[in-house]
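Student: Have a look at this prediction, sequence included:
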Amino acid sequence: MRPVTYARPAGVAEAIAAVAADPASAFLAGGTTEIDLLRLGVTRPDALVDINDLPLAELTELPGGGLHIGALARMTDVARAQPVTRAYPGMSRALLLGASEQLRNMASMGGNLCQRVRCAYFRDGTSPCNKREPGTGCSALEGINRGHAILGTSDSCIATHPSDVAVALVGLDAMVHTDGPNGTRAISIHDFYLLPGDTPDREHPLDHGELITAIEVPPAGVAARSVYLKFRDRQSYEFALVSVFAALRVEDGRVAEVRLALGGVGTRPWRAWRAEDHLAGTPATAESFAAAADAELSAAVPRQHNAFKVELARRAVVRGLTQAMSGGRS
Ligand SMILES: Cc1cc2nc3c(=O)[nH]c(=O)nc-3n(C[C@H](O)[C@H](O)[C@H](O)COP(=O)(O)OP(=O)(O)OC[C@H]3O[C@@H](n4cnc5c(N)ncnc54)[C@H](O)[C@@H]3O)c2cc1C
Ligand code: SF4
């Protein structure tokens with residue numbers, strides 16, 4: 001047994017000060033990741049600062065379009081909010097396909113962005129793992145790596161980022177708003193997730209004590225017909241082997257605008273920039289979609305057990321774009 005202190009401040013400044021003052025402390029939101037890892041001995045905070053009383057749970061529509069989503073808004077509430085289902089159906093679907101109803105009722109948007117990887121070697125608390133204990137090695141490289149990443153990997157870490165909604169947010173160019181010991185800042189979601197490189201223990205650019213306060217989703221007309229498809233070993237309560245967020249606008253039979261992001265294959269929620277470049281102005285056909293997927297996946301580095309993800313991702317991209325083209329119908 002390890003003693004852990006618990007505090008529940010009512011104000012943002014107080015919460016930030018409490019965590020910033022103690023290098024071994026952590027924020028606690030829904031607790032659906034943090035408490036698991038604490039029990040497993042993977043993280044060892046000596047103080048938990050519960051942020052659930054902070055006024056950060058609102059979802060509002062912005063005057064010029066777009067959404068402001070408080071970091072403490074629950075996954076379920078965001079998924080079912082009318083501005084989300086109307087203007088960003090792919091994001092709503094990404095939320096609803098994550099975890100289980102009970103977990104979604106507890107889990108916050110800020111916590112979702114900061115959830116840790118599901119790599120079994122990371123979570124067992126004992127195997128060599130550069131993410132948990134820098135410099136110890138990566139057990140997944142030569143181990144069971146069926147669920148691991150094929151894009152953005154390094155020799156230090158090949159774990160996939162597990163969040164579904166982060167894939168949609170990457171496709172939507174979201175901004176992450178924070179407040180911390182050094183003041184407020186807005187971080188593009190594209191800069192929020194760091195590639196593992198040789199420092200896989202550092203997953204995002206937040207300073208210790210820096211709190212996510214909100215996520216801003218900019219307006220995007222194309223997102224009104226967005227889709228999110230998730231392919232996994234069972235239909236619920238499971239992380240993605242491959243997932244796709246896709247939004248597409250076609251004019252005169254050609255791709256006029258496209259957003260494409262992948263989950264389950266990257267060490268971070270993966271924006272498929274190469275595929276998007278490839279698609280610009282091409283005929284909106286299954287052949288073009290497959291060629292775009294090939295362009296993106298040409299950078300893939302498959303390992304012993306996860307090579308199937310290359311073909312699965314290729315097919316998922318074609319299906320996602322095809323469904324997006326028909327307004328979400330298959
Ligand atoms: C069985 C199971 C299945 C799951 N399946 C899926 C799935 O299919 N798809 C999916 O996307 N997710 C899935 N999840 C993960 C789940 O979505 C996350 O656990 C959840 O979103 C985390 O939110 P939370 O509020 O509970 O965060 P917490 O557990 O409270 O915190 C998680 C981390 O974020 C930090 N944190 C929390 N809030 C903030 C903030 N505002 N600012 C800065 N740091 C913060 C905490 O310090 C902690 O490090 C699953 C989880 C479980 C347990
Ligand atoms: S893939 Fe990453 S998280 Fe998994 S064992 Fe290797 S270093 Fe650790």
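Tutor: Now that the structure is in, tell me what you want to look at. Ligands and ions are numbered 1, 2, ... in the order given.
Student: Report the buried residues of the helix ranked longest in the chain.
Tutor: Of all segments of type helix in the chain, defined using DSSP state H, the longest is helix 308-325. Buried residues in helix 308-325, defined by neighbour count with 16 or more other Cβ atoms under 10 Å: 309-310, 312-314, 316-325. For every residue, glycine as well, the C-beta is placed using N, CA and C.
Student: repeat for stretch 139-148
Tutor: Neighbour counts over stretch 139-148 (16+ other Cβ under 10 Å) mark 139, 140, 141, 143, 145, 147, 148 as buried.
Student: Close to ligand 2: what parts of the stretch 1-150 of the chain are there?
Tutor: Contacts of the stretch 1-150 of the chain with ligand 2, taken as Cβ under 6 Å from any ligand atom, map to 117, 119, 121, 122, 129, 130, 131, 138, 139, 140.
Student: rerun at 8 Å
Tutor: Residues of the stretch 1-150 of the chain lying close to ligand 2 (Cβ under 8 Å from any ligand atom) are 117, 119-122, 127-132, 137-141, 143, 145, 148.
Student: For ligand 1, what's the nearest residue on the chain?
Tutor: residue 111 (2.1 Å; Cβ to the nearest ligand atom).
Student: what separates that residue from ligand 2, distance-wise?
Tutor: Residue 111 sits 19 Å away from ligand 2, going by Cβ to the nearest ligand atom, to the nearest Å.
Student: cool, and residue 323?
Tutor: 31 Å.
Student: Ignoring the adjacent residues along the chain, who's closest to that residue?
Tutor: Take residue 323 and drop its neighbours on the chain: the residue closest to it by Cβ to Cβ, 6 or more residues apart in numbering is residue 227, 4.8 Å away.
Student: before we move on, back to that, for the longest helix of the chain, list the C-alpha coordinates in CSV.
Tutor: Extracted C-alpha coordinates of helix 308-325, given in CSV (Å, rounded to 0.1, in the frame of the first residue of the first chain):
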residue,chain,number,x,y,z
PHE,A,308,-2.0,-7.1,-41.7
LYS,A,309,-2.7,-3.5,-40.6
VAL,A,310,-1.3,-2.1,-43.9
GLU,A,311,-4.0,-3.9,-46.0
LEU,A,312,-6.7,-3.3,-43.3
ALA,A,313,-5.9,0.4,-43.3
ARG,A,314,-6.0,0.6,-47.1
ARG,A,315,-9.4,-1.0,-47.2
ALA,A,316,-10.6,1.1,-44.3
VAL,A,317,-9.6,4.3,-46.1
VAL,A,318,-11.5,3.3,-49.2
ARG,A,319,-14.6,2.4,-47.2
GLY,A,320,-14.4,5.6,-45.1
LEU,A,321,-14.0,7.9,-48.1
THR,A,322,-16.8,6.1,-50.0
GLN,A,323,-19.2,6.4,-47.1
ALA,A,324,-18.2,10.1,-46.5
MET,A,325,-19.0,10.7,-50.2
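Student: and that helix, does that touch ligand 1?
Tutor: No. Using Cβ under 8 Å from any ligand atom, helix 308-325 stays clear of ligand 1, coming no nearer than 15.8 Å.
Student: Pull the distance from that helix to the chain's centre.
Tutor: Remark: helix 308-325 is offset 19 Å from the chain centroid, using Cα atoms, centre = their mean, to the nearest Å.
Student: Report all helices and strands that that helix contacts.
Tutor: If contacts are counted by 3 or more Cβ pairs under 8 Å, 6 or more residues apart in numbering; DSSP states H and E, helix 308-325 sits against strand 227-231, strand 242-251, strand 254-263, helix 286-297.
Student: 7 Å - rerun?
Tutor: strand 227-231, strand 242-251, helix 286-297 (3 or more Cβ pairs under 7 Å, 6 or more residues apart in numbering; DSSP states H and E).
Student: For these, give me a markdown table that also has mean neighbour count.
Tutor: Converted to a markdown table, the helices and strands packed on helix 308-325 look like this (neighbours: other Cβ atoms under 10 Å):
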| stretch | mean neighbour count |
| --- | --- |
| strand 227-231 | 24 |
| strand 242-251 | 25 |
| helix 286-297 | 20 |
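Student: So which of the ones you listed is nearest ligand 2?
Tutor: Of all the helices and strands packed on helix 308-325, strand 242-251 comes closest under Cβ to the nearest ligand atom, at 17.5 Å.
Student: Give the rounded mean pLDDT of that closest one.
Tutor: Mean pLDDT, strand 242-251: 98.
Student: does ligand 1 sit close to it?
Tutor: No. Using Cβ under 8 Å from any ligand atom, strand 242-251 stays clear of ligand 1, with a minimum separation of 9.0 Å.
Student: go on, stretch 212-222?
Tutor: Yes. Contact of stretch 212-222 with ligand 1 (Cβ under 8 Å from any ligand atom) involves 212, 213.
Student: for that stretch, what is the average pLDDT?
Tutor: Average pLDDT, stretch 212-222: 98.
Student: which ones among the residues of the stretch 1-150 of the chain next to ligand 2 are found in helices?
Tutor: Of these, the ones assigned to helices by DSSP H are 120, 121, 122.
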